[in-house]
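> Structure of the sequence below:
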Amino acid sequence: MSEPTLVRKRIRSAEDVAEIEATYDASDLLPAQTILGCLQYVAAQHPDKPAIIQIEAPDFLTPNRTVTYRQLVADVEATAGLFRRIAGNVDSVVGLMLPMVPEGLSALWGAQTAGVGVPLNPFLDLAPVAAILHETRATVLVTTRGLLEAKGGIATLRAEVPSLVEVLYVDDADPALDLRSRAADHGGHLDAEADQDPRRDALMQPTGGTTGTPKLVRMSQAGQLQVAWNVASLMGNEPDGVTAHGMPNFHCGGTISLGLRTVIFGGTLLTLTEVGFRSREAVASFWDIARHYRVTSLLATPTTALALLHGDGGADGCVVRDFHCGGSAVPMELVRAFHDRFGIWLRENWGMTEMHGTTTGHFNDGTQPRVGSVGRPLPFVRVKAVELDADGHWLRDCAPGERGVLLTATPTVMSGYANAELDRDYFPSGVPGEMPEDWRWGNTGDLGSVDESGYIWVFGRAKDLIIRGGHNIDPRAIEDVLAEHPDVHLVAAIGRPDLAKGELPIAYVEARAGATLDPAELLEFCRTHVHERAAVPVEVVVIDEIPLTPVGKVSKPVLRAHAVTRAAGDLARSFDPSAEVSLDQSGSRLVVDVVLHDAAVEDDLRRAVTGFEFATRIRLAEVAR
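Take a look at the predicted model:
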């Protein structure tokens, strides 16, 4: 049996991808097929090298915590053993609701070694957290005392999750509840052989869930490791690599593309505070941090890159080799302005949780990336645009450059959702052609094209299209124009409900610091520069701050909820000027609650709102009282 090896390849061209696929099987690239096995391999070579460094304000230049590879492996093994013992004779399932601390990774990898890990967004309310833990039959929750008490405490959670055996806290004063103390008491080792099957369900990753409970994606260690290897070949896998870690660990970008990809190659993961890029102080000091710690690569959202562009400081003396952006489209002007100021190209990539993360990107050949494209497929990835029918059945492949629904095939496509009923919406049927046994086509839900050179162009989510009287409008046709206005910081275009047209395009904008925006002037700017007449917004709404998700993406669902409420309010007040309107987002569908003061108009309003797709609950004020 040959000695385990770690293959380091950097992709600079499509030819490099072809050579990798011709030379290696996916299973030949790493020294082990499990996360713990890969960490043990690196730790044996560099036991005292820093694996994770965490920094906090105000002194970013002095590490708050440092975890060596020896310590990282010990923590993974100790938590895995503890989680298995707590679960007893049932499957170990561990929920992790943590800020960006080292335990967010070591305990997650320990959970996957013992059984299944479930990373949870700490910004979720208790109801969806409890629903996820209940659906996965969680045996342990790892969190902090402050986070859980702010959501209602242990008693409230236990009432909703009967499978829960224990709740453990990170850095807690009570040794009976403190994760590190309990792991040490257990003996700090694996007391049973871990399940070595690299393709079993090891991670239940929530995705979506802006309203209601998120979907749960079934992910394997093999899928995570393959994506981590691919991302390393794209974004950096050198032994001296230092990765700026600012995306959260409840997202595959933070856990896999940044965290796992760095440590399996023996690099150092530099965690930029417990809240990552949500820390304005860390973003403001980023270039000083990057110089001091010799940061070589990072992955961030376009909103973070924009904040760096508009901030103080410069990149002189930095050694950043790879700066990649994901999560949403990167405007052409941002790419060029960023390079003009810092000498660094922003390289857009693309992927989704259902594929274990990143699947395409711009190879760093030292030249300007093809701005507007999300790059080309990484090794062992295929992408094509197709036409599907209403039931998700393949009708035909699109020609090069022709728009369609983007499908991706790769061995890292998920096994399915925890709720198998959702699978039929993700896996298309009838797609022709020979595929390797462990490959499967997945429907990304994105509209786009693949050009003659193999570059992939994403024009937005199918659900983000604005449909104005049957006319499909790409929001980017509006957003790209407004983003070039000198006083606009962020912009998001959505469809406002309309009884006659179905939807009308509107734009929300946030001003740059110190600037003042005039909606009328912005509307005229759009009329001049938006070339598609139907895409010219009917309204530009200036707001103090564009809402962002915890990952840093623009949160269009929040803006849609605002637009729905305004549209319903305008309609209700056209019947009854005293009508009161609010929004109920407790379920998976938006429900507008309308309270009328004039009983005579109730029937007329009910007939009118039937033209809207969202639900409306109408009550009379005297009944409400």
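
> Please name the strands paired to whichever strand or helix holds L406 in the sheet, noting orientation.
In the assignment (DSSP states H and E), L406 maps to strand 404-410. The strands beside strand 404-410 in its sheet (DSSP bridges) come out as strand 382-388 (antiparallel), strand 440-450 (antiparallel).

> Give the next helix or strand downstream of it.
With DSSP H and E, the next secondary element past strand 404-410 is strand 416-417.

> And whatever helix or strand comes next after that following strand, what does it pack against?
Counting by DSSP H and E, the next helix or strand C-terminal to strand 416-417 is helix 423-426. Packing contacts for helix 423-426, counted by 3 or more CB pairs under 8 Å, 6 or more residues apart in numbering; DSSP states H and E, involve strand 416-417, strand 440-450. Quick note: C-beta positions are derived from backbone N, CA and C, even for glycine.

> check contacts around M219.
Residues in contact with M219 (CB atoms under 8 Å, 6 or more residues apart in numbering) are 201-205, 353, 356, 414-415.

> Could you provide these in CSV, with additional columns for secondary structure?
As requested, the contacts of M219 are exported to CSV (DSSP: H, G, I helix; E, B strand; the rest coil):
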residue, secondary structure
D201, coil
A202, coil
L203, strand
M204, strand
Q205, strand
T353, helix
H356, coil
M414, coil
S415, coil
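
> Tell me the most packed of those residues, by neighbour count.
H356 (29 neighbours; other CB atoms under 10 Å).

> returning to that earlier point: for the helices and strands packed on helix 423-426, give me TSV that also has mean pLDDT, distance to N249 and mean neighbour count.
TSV is the format used below for the helices and strands packed on helix 423-426 (pLDDT from 0 to 100; distance: least, CB to CB, whole Å; neighbours: other CB atoms under 10 Å):
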stretch	mean pLDDT	distance to N249	mean neighbour count
strand 416-417	95	21	18
strand 440-450	91	24	20
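
> To G366, which of the ones you listed lies closest?
strand 440-450 (24.3 Å; CB to CB).

> Just the buried residues of the next helix or strand after the closest one, please?
Downstream of strand 440-450, the first helix or strand assigned by DSSP H and E is strand 456-461. Using 16 or more other CB atoms under 10 Å as the test for burial, strand 456-461 gives 456-460.

> Am I right that D576 is in contact with D604?
No - using CB atoms under 8 Å, D576 is not in contact with D604; the gap is 9.7 Å.

> So for those two, which residue has more residues nearby?
Set side by side, D576 and D604 show more neighbours around D576, with 20 against 12, by other CB under 10 Å.

> where does that one land on pLDDT?
As predicted, D576 sits at a pLDDT of 85.

> got a list of what it touches?
Contacts of D576 by CB under 8 Å, 6+ apart are 596-598, 601, 605.

> now, which of these lie within helices?
L605 (DSSP state H).

> how about the contacts of D576, which pair is most distant?
H597 and L605 (11.9 Å).

> circling back: of all the strands paired with strand 404-410, which one comes closest to I466?
strand 440-450 (12.3 Å).

> Now do the buried residues in stretch 426-435.
Neighbour count says stretch 426-435 has 426-428, 431 buried, by 16+ other CB under 10 Å.

> and the end-to-end length of that stretch?
18 Å (CA to CA, to the nearest Å).

> Please enumerate the helices of the stretch 1-150 of the chain.
14-23, 35-45, 69-87, 103-114, 126-136, 145-150 (DSSP state H, counting those that start in this stretch).

> Single out the most deeply packed of those.
helix 103-114 (a mean of 28; mean count of other CB atoms under 10 Å).

> List the contacts of that one.
Under CB under 8 Å, 6+ apart, the answer for helix 103-114 is 34-36, 39, 52, 67, 72, 75-84, 87, 92-94, 96, 98, 117-119, 140, 142, 170, 179-180, 190, 194, 202-203, 221, 249, 255, 259, 269.

> could you redo the last one with a cut-off of 7 Å?
35-36, 52, 72, 75-76, 79-80, 83-84, 92, 94, 96, 98, 117, 119, 142, 170, 179, 194, 202-203, 221, 249, 255, 259 (CB atoms under 7 Å, 6 or more residues apart in numbering).

> Give me the angle between that helix and helix 35-45.
120 degrees (axes from the mean of the first three to the mean of the last three CA atoms, to 10 degrees).

> and helix 103-114, what's its mean pLDDT?
Mean predicted lDDT for helix 103-114 stands at 97.

> Numbering from 39 from now on, please.
All set: I'll call the first residue 39, so the last point we hit is now helix 141-152.

> quick one, that helix and helix 107-125 angle?
Using the same axes, to 10 degrees: helix 141-152 against helix 107-125 is 60 degrees.

> residue ranges for the helices of the stretch 189-338 of the chain, please.
191-198, 217-224, 259-273, 290, 299-301, 318-322, 324-331.

> With respect to T61, which of the ones you listed lies nearest?
helix 259-273 (12.8 Å).

> Excluding its own residues, what touches the closest one? List them.
Here helix 259-273 has contacts from 47-49, 64, 67-68, 71-73, 76, 150, 236-237, 240-241, 294-295, 298-299, 302-303, 335, 337, 360, 362, 394-396, 399, 401, 416-418, 449-450, using CB under 7 Å, 6+ apart.

> I am finished for the moment; much appreciated.
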